[in-house]
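J.: for reference, the sequence and a predicted model appear below.
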Amino acid sequence: MLKYEVMLILDVALEDAAKEEAIEAVKAIIASDGEVTNVDIWGNKKLAYPIEKKNEGYYAVVEFTSSPELPKELDRRIKISESIIRHMIIKKDEK
């Protein structure tokens, strides 16, 4: 099992329930072949540059452990989601 982290930027126009639902959907995908170790909600932040004509995003960071195949599937499924405007999956170094 390897350690990963996914940062999500959600549309701020979404209701709180829809934001929570999107994060729960990502956690469910991870739980299918891994384990969520930590969820850190950063809240609304100003974007460095406009994305889809939006200047703010709702940030969430999910740390997890999984097999090496899961991040590719997670990436594919997040791209389909309309509520997540950007994401980044990184492999954390073992220290």
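T.: Done, it's in.

J.: who does the lengthiest strand in the chain touch, helix- and strand-wise?
T.: Within the chain, and with DSSP state E defining each element, the longest strand by residue count is strand 34-51. Judged by 3 or more Cβ pairs under 8 Å, 6 or more residues apart in numbering; DSSP states H and E, the packing partners of strand 34-51 are strand 2-11, helix 16-31, strand 54-66. The C-beta positions use only the backbone N, C-alpha and C, and glycine is treated the same way.

J.: out of the ones you listed, nearest to residue 41?
T.: Closest to residue 41 of the helices and strands packed on strand 34-51 is strand 54-66 (Cβ to Cβ; 5.2 Å).

J.: quick one: mean pLDDT for that closest one?
T.: Average pLDDT, strand 54-66: 96.

J.: ok, back up a step: now the helices and strands packed on strand 34-51 in TSV, with mean neighbour count and distance to residue 90?
T.: Shown next, in TSV, are the helices and strands packed on strand 34-51 (neighbours: other Cβ atoms under 10 Å; distance: least, Cβ to Cβ, whole Å):
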stretch	mean neighbour count	distance to residue 90
strand 2-11	19	5
helix 16-31	15	14
strand 54-66	18	10
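
J.: right, and the ones you listed - which one's nearest residue 87?
T.: Using Cβ to Cβ as the measure, strand 2-11 is the one of those that comes nearest residue 87, at 5.1 Å.

J.: got the angle for the closest one vs helix 16-31?
T.: Here the directions of strand 2-11 and helix 16-31 differ by 160 degrees (axes from the mean of the first three to the mean of the last three Cα atoms, to 10 degrees).
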